[in-house]
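Visitor: I would like to see how this sequence folds:
(chains A and B)
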Amino acid sequence: MASVIEVKELSKKYRISKPEKQADTFAGTILKGLKQPFDNLRQIHGLSQVGEDDESIFWALKDVSFNVNEGEVLGIIGHNGAGKSTLLKILSRITEPTAGEVRIYGRVAALLEVGTGFHPELTGRENVYMNGTILGMTKKEIDRKFDAIVDFSGVEKHLDTVVKFYSSGMKVRLGFAVAAHLEPEVLIIDEVLAVGDAEFQSKCLGKMESVAKNGRTIIFVSHDLGAIQSLCPKSILLHRGLLTHYDNSDVVVSAYLNKSLTSNDAQDFSNRFGNGNIKILAAEITDESGNKLSEVQTGQKFSIQISYASEKYNQLPPFTYFHVFCKSHSGVKLFVLSSKYSISDMISSLNSNGRIRCEVESLPLLPGNYHIDICCKLSEDTEDYVYDALKLNVISGRFPGYSRLPNNTAGSFLIKQSWSSS
Amino acid sequence: MYKELTVIKATRGWRRFDFGELIHYKDLLWFLTVRGIKAKYAQSVLGVLWAFIQPLFSTLVFTLVFGRLAKIDSNGAPYFLFSFVALVPWTFFSNTLTESANSLVANANMISKVYFPRLVLPLSSIFSKGLDFLISFTVLIGFLITYQQVPTWQVIFIPWVILVLLMTSLGIGMILSAMAVQYRDIKHAMTFAVQLLMYAAPVVYPTTNVPESWRTVYAINPMVGVIESFRSVFLNTMPFPFEWMLWATLTSTTLFVFGLFYFRKMERVFADVA
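Guide: Just a heads-up that it's a prediction; the model follows:
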């Protein structure tokens, strides 16, 4: 298969503003005020000058190379500031690279936003033409597709209403309808699916799937790892401007999850009660191989590891149990993982200090932030109870029986399902 | 199968202008122009009537202040017509300057989200002022009929004069819009600069009031040729000022060509600095 997009050693640097020096004397303040316009001039002029390297130079992308074949759907993931948007902006010709080269064969359409150029004072009809021509269509082309666009958007009744009276959902639907009829050979999409309601989102995903099936090439940037995994066979991972992974999406997604080691850090364990005969020292969320996770995907296999210690006991007495309570962000207990109810004989032989782990086969929670309390009990006595011992950040993933995840207004849990007609 | 190839890489220095691309986006230029007109007069009672209210009221004030009080010479024509004839091209010129200088900044969101030839933004903002020009020009013809002024045969040169006016507007508009993206000072300066600039052109006074020895230097300002040609043709104030028009053509062409290249040179950083 022929390459449709060839990206070779692409780099882009930006100049970021340096911290201002503070004047420390009265005369210095006046002098600084007088010099201000000159400093401003140098600074503003410098925005477009990225010649020599100094401390204010920032590489948004550095030597990124990859190829995309015809008909391939490539996902791009990375944390905020990893260079995803910069890469998209270069691919869509909005900004020029500092070095390197991109070759794209075929007509390109980039969707970095839905409804660009919409003017609130124009009607829906006029805005369809406005938006369509901005995206590179000609008037004739839009005339031809107009009915299909209106059909797809579902706003035909309000077509001659001024757009400022539209709801935001209607605007998005109309904007996406225009974009969906672009028929490019290469489609570049950025987070477009983050807008609109659940029904609209599934419509968008469906459209993307059909575009992909028609053999078009798609580059898709998203934070929705579930969508990436189900739409894109292959993905690239950007990290601080560098392309660190280019592989099957499952591999790249797990690399992405391992990269983020900041947000799920243990809480301070200050909010606790209990007699303290057994103390919970630390807890962490890890993946199968013991690597710490900052985020867990819906449906992912993970473990919670708990370190404990006791000064009173040489061996923990029988009937010592550990409970892990998972709470919603509003504090409602959702479920408990507990050694008391689990079919396991682990508890009979616990040392006075050590680590235990609880493995969860598949996390049935929808994306969101959850809190975890950890508790150690000896029969009915609470030895230690730590509120908010862990934060559990769940991000979207795949779950058996679901083609895609429901909106979290539909509840918190996922249950394996299958439907059929009888 | 043949497929168009797009190569994206860093460019340097002055660049060739891609007219083919601009032609591909001609519909966008049209819709942006229409958008500019519709959006401007949306939800206003007088609508497009505003197009000649602006020059008309300026003319009334000028007639009172400069015509009656200061008794400025008007080359024999009624001062009211004398200043209105000048204000028709001048209002177009000054409005296009403020509009185009603002065109890229006001649409920064579009620039950072979609690729299209950036030139359509200042162009459309200038073209959408064309309607205002047409309306006030029609009103001018109405006044000429009322005053029973017959234009001279040099009226055939009016398209040439309007072309020079347009090239000047486009040239300066492209330069200002490209500068304004990076330096917002342009926006602040424009609000009063256009008012002051009016006194650098023969709007309220005739060119014949400028000392003879300075007139050639003065005529480098292309608006001198444009305004005096209008007066000569419609009010028969003087013979058609061919010399000034040649200067005006030269300056406006230079401005236009330089503007085009300057805009093209600056274009590549718009998305980064907007």
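
Visitor: Look up how far B:Ser103 lies from the most centrally placed residue in chain B.
Guide: For chain B, the residue sitting closest to the mean C-alpha position, by CA atoms, centre = their mean, is B:Phe93 at 2.9 Å. Separation of B:Phe93 from B:Ser103 (CB to CB, to the nearest Å) stands at 16 Å. The C-beta positions use only the backbone N, C-alpha and C, and glycine is treated the same way.

Visitor: so A:Thr244 sits in a helix?
Guide: No: note on A:Thr244: no helix contains this position according to DSSP: H, G, I helix; E, B strand; the rest coil, which reports strand.

Visitor: Tell me the spatial nearest neighbour of it, not counting adjacent residues.
Guide: The spatially closest residue to A:Thr244, leaving aside those adjacent along the chain, is A:Leu237, at 5.2 Å (CB to CB, 6 or more residues apart in numbering or on different chains).

Visitor: before we move on, what about B:Tyr147?
Guide: Nearest to B:Tyr147 is B:Leu81, by CB to CB, 6+ apart, at 5.9 Å.

Visitor: Ignoring the adjacent residues along the chain, who's closest to A:Ala255?
Guide: The shortest distance from A:Ala255 to any residue other than its chain neighbours is 4.8 Å, reached at A:His245 (CB to CB, 6+ apart).

Visitor: Tell me who's in contact with that neighbour.
Guide: A:Ser235, A:Ile236, A:Leu237, A:Val251, A:Val252, A:Ala255, A:Tyr256 (CB atoms under 8 Å, 6 or more residues apart in numbering or on different chains).

Visitor: if you set the cut-off to 7 Å instead, what comes out?
Guide: The neighbours of A:His245, taking CB atoms under 7 Å, 6 or more residues apart in numbering or on different chains as the test, are A:Ile236, A:Leu237, A:Val252, A:Ala255.

Visitor: Show me the beta-bridge partners of it.
Guide: On DSSP bridges, the residues paired with A:His245 through beta bridges are A:Leu237.

Visitor: Show me which residues of the stretch 51-200 of chain B are close to chain A?
Guide: Of all the residues in the stretch 51-200 of chain B, those in contact range of chain A (CB under 7 Å from any CB of the partner chain) are B:Met110, B:Ser112, B:Lys113, B:Val114, B:Tyr115, B:Phe116, B:Gln182, B:Tyr183.

Visitor: Mind doing that once more with 6 Å?
Guide: B:Met110, B:Lys113, B:Val114, B:Tyr115, B:Phe116 (CB under 6 Å from any CB of the partner chain).

Visitor: taking those one by one, which sit in helices?
Guide: Mapping these onto helices (DSSP state H) picks out B:Met110.

Visitor: In JSON lines: the residues of the stretch 51-200 of chain B next to chain A, plus neighbour count and pLDDT.
Guide: Compiled in JSON lines, those are given as follows (neighbours: other CB atoms under 10 Å in any protein chain shown; pLDDT from 0 to 100):
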{"residue": "B:Met110", "neighbour count": "19", "pLDDT": "88"}
{"residue": "B:Lys113", "neighbour count": "21", "pLDDT": "87"}
{"residue": "B:Val114", "neighbour count": "22", "pLDDT": "88"}
{"residue": "B:Tyr115", "neighbour count": "22", "pLDDT": "89"}
{"residue": "B:Phe116", "neighbour count": "24", "pLDDT": "90"}
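
Visitor: For the residue in the stretch 51-200 of chain B positioned nearest to chain A, give me its contacts.
Guide: Taking CB to the nearest CB as the measure, the point where the stretch 51-200 of chain B comes nearest chain A is B:Tyr115, at 4.0 Å. For B:Tyr115, the residues meeting the contact criterion (CB atoms under 6 Å, 6 or more residues apart in numbering or on different chains) are A:Ser92, A:Arg93, A:Ile94.

Visitor: just B:Met245 next, same as before
Guide: B:Met245 makes contact with B:Gly225, B:Ser229 under the criterion CB under 6 Å, 6+ apart.

Visitor: Please report the distance of it from B:Thr207.
Guide: From B:Met245 over to B:Thr207 the distance is 12 Å, taken as CB to CB.

Visitor: Equivalent analysis for A:Ser202, please.
Guide: From A:Ser202 over to B:Thr207 (counting by CB to CB), the distance is 70 Å.

Visitor: now A:Glu9
Guide: Counting by CB to CB, the separation of A:Glu9 from B:Thr207 is 60 Å.

Visitor: Equivalent analysis for B:Gln195, please.
Guide: With CB to CB as the criterion, B:Gln195 and B:Thr207 are 20 Å apart.

Visitor: What of B:Val105?
Guide: With distances defined as CB to CB, the gap from B:Val105 to B:Thr207 amounts to 35 Å.

Visitor: These two - which one has more neighbours?
Guide: Comparing B:Val105 with B:Thr207 by other CB atoms under 10 Å in any protein chain shown, the one with more neighbours is B:Thr207, at 20 against 17.

Visitor: Please read off the pLDDT at the closest residue to the more buried one other than its chain neighbours from the model.
Guide: Taking CB to CB, 6+ apart as the measure, B:Thr207 lies nearest to B:Glu228, with 5.4 Å between them; neighbours along the chain are not counted. As summarised for this prediction, B:Glu228 has a pLDDT of 94.

Visitor: And the helices in chain B?
Guide: If you assign secondary structure with DSSP H, the helices in chain B sit at B:19-24, B:26-41, B:50-62, B:79-106, B:108-111, B:120-146, B:158-182, B:185-197, B:215-218, B:222-235, B:242-267, B:270-273.

Visitor: Buried deepest among those, which one?
Guide: Scoring the helices of chain B by mean neighbour count under mean count of other CB atoms under 10 Å in any protein chain shown gives helix B:222-235 as the most buried, with a mean of 26.

Visitor: got the angle between it and helix B:185-197?
Guide: For helix B:222-235 and helix B:185-197, the angle between their directions (axes from the mean of the first three to the mean of the last three CA atoms, to 10 degrees) works out to 40 degrees.

Visitor: Might you calculate how far helix B:222-235 sits from the centre of the chain?
Guide: Going by CA atoms, centre = their mean, to the nearest Å, the spacing between the C-alpha centre of helix B:222-235 and its chain's C-alpha centre is 15 Å.

Visitor: Could you name the helices and strands sitting against it?
Guide: Identification of packing neighbours for helix B:222-235 by 3 or more CB pairs under 6 Å, 6 or more residues apart in numbering or on different chains; DSSP states H and E yields helix B:79-106, helix B:158-182, helix B:242-267.

Visitor: Next, format those helices as a markdown table and append mean pLDDT.
Guide: A markdown table is the format used below for those (pLDDT from 0 to 100):
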| stretch | mean pLDDT |
| --- | --- |
| helix B:79-106 | 92 |
| helix B:158-182 | 94 |
| helix B:242-267 | 93 |
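
Visitor: So for B:Arg16, which of these sits nearest?
Guide: Distances from B:Arg16 to each of the helices and strands packed on helix B:222-235 were compared using CB to CB; the minimum, 7.9 Å, belongs to helix B:242-267.

Visitor: what's the angle between the closest one and helix B:158-182?
Guide: Here helix B:242-267 runs at an angle of 30 degrees relative to helix B:158-182 (the same axes, to 10 degrees).

Visitor: any idea how far chain B is from the residue minimising distance to the centre of chain A?
Guide: With distances taken as CA atoms, centre = their mean, the residue of chain A nearest its centroid is A:His223 (2.2 Å). Shown here: A:His223 relative to chain B, a distance of 18 Å by CB to the nearest CB, to the nearest Å.

Visitor: Likewise for A:Ala99?
Guide: Summarising the geometry, the distance separating A:Ala99 from chain B, computed by CB to the nearest CB, is 6 Å.

Visitor: neighbours of the nearest residue to that residue once chain neighbours are set aside, just the number please.
Guide: Counting by CB to CB, 6+ apart, A:Ala99 lies nearest to A:Ser11, which is 4.4 Å off, once chain neighbours are set aside. A total of 19 residues lie near A:Ser11 under the criterion other CB under 10 Å.
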